[in-house]
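1. Quick check, what structure comes out for this input:
(2 chains)
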Amino acid sequence: MMGSLIPHIVIWPLLLAGMLQTPRLRTLALRLSPWATFPALLTALFASHHEVIKLPWLLLGSEWGMDLTGRALLLLTGLLWGLACWHSRYHLPPTQQASFFSWFHLALAGNIGLIVSLDMLSFYLFFTLMSLASYGLVVHTRSERACYAGKCYLIFVILGEAALFAALLLVASTCSTLSFEAARPLLVQSEWLDTILLLAWIGFGIKVGTIGLHVWLPLAHPVAPPPASAVLSGIMLKAGLLGWLRLLPLGEATLESWGEWWMVLGLLAAFCAVLIGLTQRDAKTLLAYSSISQMGLLTAAVGLGLILPHAWPQILTTILIYSLHHGFAKGALFLGTSMLMHTHPISRKWLLAGVALPALSLVGAPLTSGWLAKSLLKTQAMHAPDHWEILWQNLLPASAVATALLMARFMLLAIRVKPDETLPIPAHIHSVPWAILLLLVAIMPLATNWLGDFEISLSLIINSLWPLMFAGLLFHFFYRQAIRDTPLNQRIANLAIPPGDMLAWYEHSIRITSARLHHLLDRKLPCWLQKTRHMLLRKLDLSAWSAHLDRAEKLLCHWPVALCGLILLGIILTRLIPLANQKLI
Amino acid sequence: MITQSWLPLLVLLTSLLSGLIIFTLPEKSVRTRTTLNLLAAFSKVGLVSWMIWHIYQGQHYQIRIHFLPNIDLVLQMDPLAVLFVGLSAVLWLTTTFYAIGYLEGSPHRSRFFGFFSLCVAATAGVAMAGNLFTFLIFYELLTLTAYPLIVHRGTEAARKAGQTYLVYTVGGGVLLLTGTAWLHTLTGTLDFTPQGFVQQLPSELHPQLIVIFILLIMGVGVKATLVPLHGWLPQAMVAPAPVSALLHAVAVVKAGVFGIVRVLYNVYGIDFAAALGITFPLMVLAAITIIYSSLRALTQDDLKRRLAFSTVSQVSYITLGVALAGPISAIGGLVHLVHQGLMKITLFFCAGNIAETLGIHKISEMKGVGRRMPLTMTAFTLTALGMIGVPPIAGFISKWYLGMGALQSGHAWVIGVLIVSTLLNAAYFLPILYTAWFDQPDTEQTAHPETSHLLLWPPVITALLSLAAGLFAALPYTPLEWARFIVSFEFLQR
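-> Numbering: from 1, shown residues only, chains lettered A, B, ... in the order given. Below you'll find the predicted structure:
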């Protein structure tokens, strides 16, 4: 019965996006927009387990359905996108809403679709739809900064799509199936396994924001309007994670070296992103870095799953709970920042207190969603082989301390956020979506009873309390130090890594390499080579090259050239014919 | 079973006769001409649909006319012919509508529509040719009937482009003729047969066969725009938009690629060709063409010129697919014959709309065009994304099959070519989309409707068709299913 609802949860936002393009239906569509995820939410809550429907008419035959992973992420999507829709309805200037919601609903349809897709092609279809439609959200303001961020975003999206295309081709070809579930066990025997894993790491890692491939993220997430940032950071990053969960042979075989690769990069991201994030001046950019760091932990958890196939079911549950927690908390933080940007009837103190809750939850403060997620992650890390277990047990609290420092910095920035007079003034009732998110962050630990073996104990609470206290002390000390006006402090205060950190390196290194190459070629080569090179350079200069080609192609258009060419060809062929005949005789 | 053998002839005559009648019509009798045009186009679509239905059930249509001793004119409808005839019938219909709207009020319309119909008739002949000789005849007819269309505007540039076109295609025709004659002396027959007819020749003749293959491929390669024989196509974009659309999507370029497919499958037989070692160089040439012309497309500012280089690149996908010599890649190549046609005709229709309505020819002038012509640009966007290979548009399906086929045939490097081509396609299509949708227009003006209905709806319909061809690829009677049907003949029935 509910199975028939699955296609509709994708079609409904698409329909809304379509309605927004028709002037007559626009008002209605805007009014219906907060309900865009309602069918998805219903499906997540009530669809029967392991519901699978076949759509043989779609692409090369598709398979949609619901499993545990899909249900958890659909729940997150339904709630977070829905609340973000609701929030945008009152917090965006009415003139911008039609264009904003067009992209928003398209991306939403993609997001829902990729969650319910159980086959590669429809997954790829919706993944692409979501990625491309989000471009419209990134460049929403059309400012110079947004356009630059959009360009970076798009370049990385296309690179990711290309890598993903190749990965899926290899999987589909070696396993001769389009279904993820059927392919997973077969993948291990594939001769292309390493290539596939590398491509999957690139293709989905770009979305997840794995270190090295993350540079678009701190640029793109903050420039979008806050509700869009909330879904970009809160849920769309998880699309990449979902891709890994669907594609990688998790729970099928032990892939030691790849697991370590995932873990090292994940843990590296967890710390590096915090360090870079601490130097940010903009609250939303800082939040983007926090997302990279949190996704780093999830990446590492995937790596753990690659090493420990037998513990995979528990690790999967942990990853899902962590994703839910991070989605809600990050969503609440972004929407909170948005609330702070408006002239609000609620007192700022209350708003800041509200923002502090998800911040504390990200740190893992006791009895918040983050506490639950982090405790579970710690439990899973116990299964890891010796040295990895020690590393995990030490790094997890350390990452909590790092996150705590980052969140403290965020609160300082949040206090400084000034209300923008030009934005619409919302009423009390319009804070409800944010309030619901805060509530979700707060009550998530209460949902533990369906986890079975997890129990709230005092030692767990104390264990999670000390990183927080330690970070508090550390921050207090540094803050006291920082108010003093010493040269060192000034230097620290001036330290700011531009958003997109390594992007500057990438651009710089491309520039440097070409400059070095020029230098090397200019100075170090013998004279005659220099001359040849200069001649070649003149020829290779792109514009000149293109002009040359144009000229060459024009030359091809002259009668004599064409005739001579044909005659020449004729001569060559007549030379060839006797050769061929000789063999004949 | 050979019955109703007159049907292929009838398909040919629908456009041939209407073309000849149109020549006699005075310039002013717009209504008669339009009615005749549409009647012919619709009846052709009807006939072809009727035949598709019956061929699917195993019916075979063939007509053989004695022409010279030992040489017959043969017209037949095998599944491969249906693929091409079906495409040309549908796109002829849409292009006729478009051309009526596009040329409204311009001079020499009788001449234009006359040659237009003849051109389509020649294309149908190329598609239905049952032997290499018939193929050659119609191929040359196509060369000649397309010339007046390219120079239709009569400007200096048009004449020059026409000249270039003639030099290339007539030259190619000569090579093709040589190859055909040579082959005839060796085999004594030229009839297309499902797994080729040259493999029975003794192995001493194989070197000659290789030379003949080169001749034939160079002959058809001119129209299929294999680098370095592609020079005429970017020049020919001076022709009116409907001509460019037809040239790039159906008639001339496709006839060339179709020739490659025929030579590989029905003259040499794909397995024999692979054994001779002639498919690999062709594959490499196609790969070079794909990359080279994509690079060239990057630097063009003229919209139609950029699209022309894109055609050069995309058409080579088809060559690549068949040259890979495996069933799956063959499906990819053959289905791209239709998919590329649907997508490219849309792009040219849209370019024509923008040029005709706003007078914009250059990409740098396209700022904010999306706001002024939303439907046109939506069609353009959809198909441009399809060209890049974004699902669910038709181009994705082609690319998927090509990639799968490359792996199946053990040429994994082809995936690299596909990926680079995807990136390059994105690099030259996405900036157009960005300029059109996200840049602020210089002047704020909107008009409803954005352009005349006859110009607006053909691209919208072909864009929807290319979307449907990808989205519902697995359904019966889609291009993909038909390509599978063809490949089952070539590969499995032995």
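
2. for stretch A:272-287, which positions count as buried?
-> A:272-274, A:276-280, A:283-287 (16 or more other Cβ atoms under 10 Å in any protein chain shown). In short, each C-beta sits where N, CA and C put it, glycine included.

3. Helices - which of the residues you listed land there?
-> A:272-274, A:276-278, A:283-287 (DSSP state H).

4. Among these, which one sits closest to B:Ser203?
-> A:Cys272 (65.3 Å; Cβ to Cβ).

5. that older thread, which one of the ones in helices among the buried residues of stretch A:272-287 sits closest to chain B?
-> Using Cβ to the nearest Cβ, A:Lys284 comes nearest to chain B of these, at 21.8 Å.

6. follow-up on the earlier one: out of the ones in helices among the buried residues of stretch A:272-287, which comes closest to A:Leu25?
-> Nearest member of these to A:Leu25, counting by Cβ to Cβ, is A:Lys284, at 33.0 Å.

7. neighbours around B:Ser244, how many?
-> 27 (other Cβ atoms under 10 Å in any protein chain shown).

8. Quick check: residues of the stretch 201-350 of chain B near chain A?
-> Contact residues, the stretch 201-350 of chain B versus chain A (Cβ under 8 Å from any Cβ of the partner chain): B:204-205, B:207-208, B:210-211, B:214-215, B:218, B:228, B:231-232, B:234-235, B:296, B:299.

9. Distance from stretch A:144-152 to the middle of the chain?
-> Stretch A:144-152 has its C-alpha centroid displaced from the chain centroid by 17 Å (Cα atoms, centre = their mean, to the nearest Å).

10. residue ranges of the helices in the stretch 51-200 of chain B, please?
-> B:79-102, B:109-128, B:132-150, B:156-187 (DSSP state H, counting those that start in this stretch).

11. need those helices in CSV with distance to B:Leu38 and mean neighbour count, can you?
-> Shown next, in CSV, are the helices of the stretch 51-200 of chain B (distance: least, Cβ to Cβ, whole Å; neighbours: other Cβ atoms under 10 Å in any protein chain shown):
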stretch, distance to B:Leu38, mean neighbour count
helix B:79-102, 6, 24
helix B:109-128, 11, 26
helix B:132-150, 19, 23
helix B:156-187, 27, 19
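
12. right, so of the ones you listed, which gets closest to chain A?
-> helix B:156-187 (4.1 Å).

13. Got the domain ranges for chain A?
-> A:256-483, A:525-584 (automatic domain parsing).

14. So for the last one, mean pLDDT?
-> In other words, domain A:525-584. Here domain A:525-584 scores 64 as its mean pLDDT.

15. avg pLDDT for stretch B:418-435?
-> 93.

16. quick one: low-confidence parts of the stretch 151-300 of chain B?
-> Of all residues in the stretch 151-300 of chain B, none has pLDDT under 70.

17. can you map out the strands along chain A?
-> Using DSSP state E, the strands of chain A run over residues A:52-55, A:62-65.

18. out of those, which comes closest to A:Ala442?
-> Nearest of those (Cβ to Cβ): strand A:62-65, 32.1 Å.

19. For residue 405, report the pLDDT, please.
-> Since no chain was named, I'll use chain A. Confidence score, pLDDT, at A:Leu405: 88.

20. wait, I meant chain B there
-> 93.

21. elements contacting the helix or strand hosting it?
-> Per DSSP states H and E: B:Gly405 is located in helix B:394-408. Under the contact definition 3 or more Cβ pairs under 8 Å, 6 or more residues apart in numbering or on different chains; DSSP states H and E, helix B:394-408 sits against helix A:144-175, helix B:303-323, helix B:327-358, helix B:374-388, helix B:413-438, helix B:453-471, helix B:479-487.

22. how about the ones you listed in a markdown table, adding distance to B:Thr145?
-> Output for the helices and strands packed on helix B:394-408, formatted as a markdown table (distance: least, Cβ to Cβ, whole Å):
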| stretch | distance to B:Thr145 |
| --- | --- |
| helix A:144-175 | 40 |
| helix B:303-323 | 20 |
| helix B:327-358 | 18 |
| helix B:374-388 | 27 |
| helix B:413-438 | 31 |
| helix B:453-471 | 22 |
| helix B:479-487 | 26 |
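
23. can you redo these as CSV with mean neighbour count?
-> Compiled in CSV, these are given as follows (neighbours: other Cβ atoms under 10 Å in any protein chain shown):
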stretch, mean neighbour count
helix A:144-175, 21
helix B:303-323, 28
helix B:327-358, 28
helix B:374-388, 25
helix B:413-438, 20
helix B:453-471, 22
helix B:479-487, 23
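
24. Can you flag the weakest of those by average pLDDT?
-> Looking at the helices and strands packed on helix B:394-408, the bottom one is helix B:479-487 with a mean of 88.

25. Could you list every helix and strand in contact with it?
-> Packed next to helix B:479-487, using 3+ Cβ pairs under 8 Å, 6+ apart, are helix B:79-102, helix B:327-358, helix B:394-408.

26. between the ones you listed, which one is nearest to A:Thr128?
-> Here helix B:394-408 is closest among those (Cβ to Cβ), at 8.9 Å.

27. on that earlier part again, possible to save the helices of the stretch 51-200 of chain B as JSON lines with distance to chain A?
-> Listed next are the helices of the stretch 51-200 of chain B as JSON lines, based on distance: least, Cβ to the nearest Cβ, whole Å:
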{"stretch": "helix B:79-102", "distance to chain A": "19"}
{"stretch": "helix B:109-128", "distance to chain A": "22"}
{"stretch": "helix B:132-150", "distance to chain A": "13"}
{"stretch": "helix B:156-187", "distance to chain A": "4"}
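
28. With distance to B:Ile65 added, can I get those helices in a markdown table?
-> Formatted as a markdown table, the helices of the stretch 51-200 of chain B follow (distance: least, Cβ to Cβ, whole Å):
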| stretch | distance to B:Ile65 |
| --- | --- |
| helix B:79-102 | 17 |
| helix B:109-128 | 12 |
| helix B:132-150 | 9 |
| helix B:156-187 | 18 |
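
29. mind checking which of the domains of chain A is nearest chain B?
-> domain A:525-584 (3.8 Å).

30. one step back: what would the helices and strands packed on helix B:479-487 look like in a markdown table with distance to B:Ala146?
-> Output for these, formatted as a markdown table (distance: least, Cβ to Cβ, whole Å):
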| stretch | distance to B:Ala146 |
| --- | --- |
| helix B:79-102 | 13 |
| helix B:327-358 | 15 |
| helix B:394-408 | 25 |
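
31. just so I know, which of the ones you listed lies nearest A:Leu55?
-> Short answer: helix B:394-408, nearest of these by Cβ to Cβ, at 15.6 Å.

32. what angle do that closest one and helix B:374-388 make?
-> Using axes from the mean of the first three to the mean of the last three Cα atoms, to 10 degrees, the direction of helix B:394-408 lies 0 degrees away from that of helix B:374-388.

33. Buried residues, helix B:394-408. List them.
-> B:394-408.

34. now do stretch B:195-213
-> So stretch B:195-213, judged by 16+ other Cβ under 10 Å, has buried residues B:195-198, B:205-213.

35. so B:Ile212 makes contact with B:Thr185?
-> No. Look at B:Ile212 against B:Thr185 with Cβ atoms under 8 Å: they stay out of range, at 10.0 Å.

36. any low-confidence regions in the stretch 401-550 of chain A?
-> Applying pLDDT under 70 to the stretch 401-550 of chain A flags residues A:448-456, A:482-486, A:488-494, A:521-530, A:533-549.
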